[in-house]
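Student: Below is the sequence, then the predicted model.
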Amino acid sequence: MPYVNIRIAGRLSREQKARIAEEITDTLARIAEKPASYTYIAFDELPDENWAIAGKLLDEQ
């Protein structure tokens, strides 16, 4: 059973999450031959202050 965890800085709309979940589920079904009914996807939306790139927090950029 595939479990996909998506971590992203900032927030996604409900519509964006639905589209991403559909695309990833379709891709796993098509390429990996995994049943869509067994594919789990979790979204972790984190504040920009919890992410850093090149030593700088994203909310500082």
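Tutor: Thanks, I have it. Numbering: from 1, shown residues only.
Student: what residue ranges in the chain score low on pLDDT?
Tutor: Applying pLDDT under 70 to the chain picks out no residues at all.
Student: Quick check: bridge partners of residue 6?
Tutor: Each beta-bridge partner of residue 6 is listed here: residue 43, as defined by DSSP bridges.
Student: OK, contacts around it?
Tutor: Residue 6 makes contact with 20, 41, 42, 43, 44, according to C-beta atoms under 8 Å, 6 or more residues apart in numbering. Any C-beta I mention is one placed from the backbone N, CA and C, and that applies to glycine too.
Student: tell me the centre residue of this structure?
Tutor: Nearest to the mean C-alpha position of the chain, by C-alpha atoms, centre = their mean, lies residue 6 at 2.6 Å.
Student: Neighbour count and distance to residue 61 added to the contacts of residue 6, as JSON lines?
Tutor: Rendered in JSON lines, the data for these read as follows (neighbours: other C-beta atoms under 10 Å; distance: C-beta to C-beta, whole Å):
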{"residue": "20", "neighbour count": "16", "distance to residue 61": "24"}
{"residue": "41", "neighbour count": "16", "distance to residue 61": "28"}
{"residue": "42", "neighbour count": "10", "distance to residue 61": "27"}
{"residue": "43", "neighbour count": "15", "distance to residue 61": "23"}
{"residue": "44", "neighbour count": "8", "distance to residue 61": "21"}
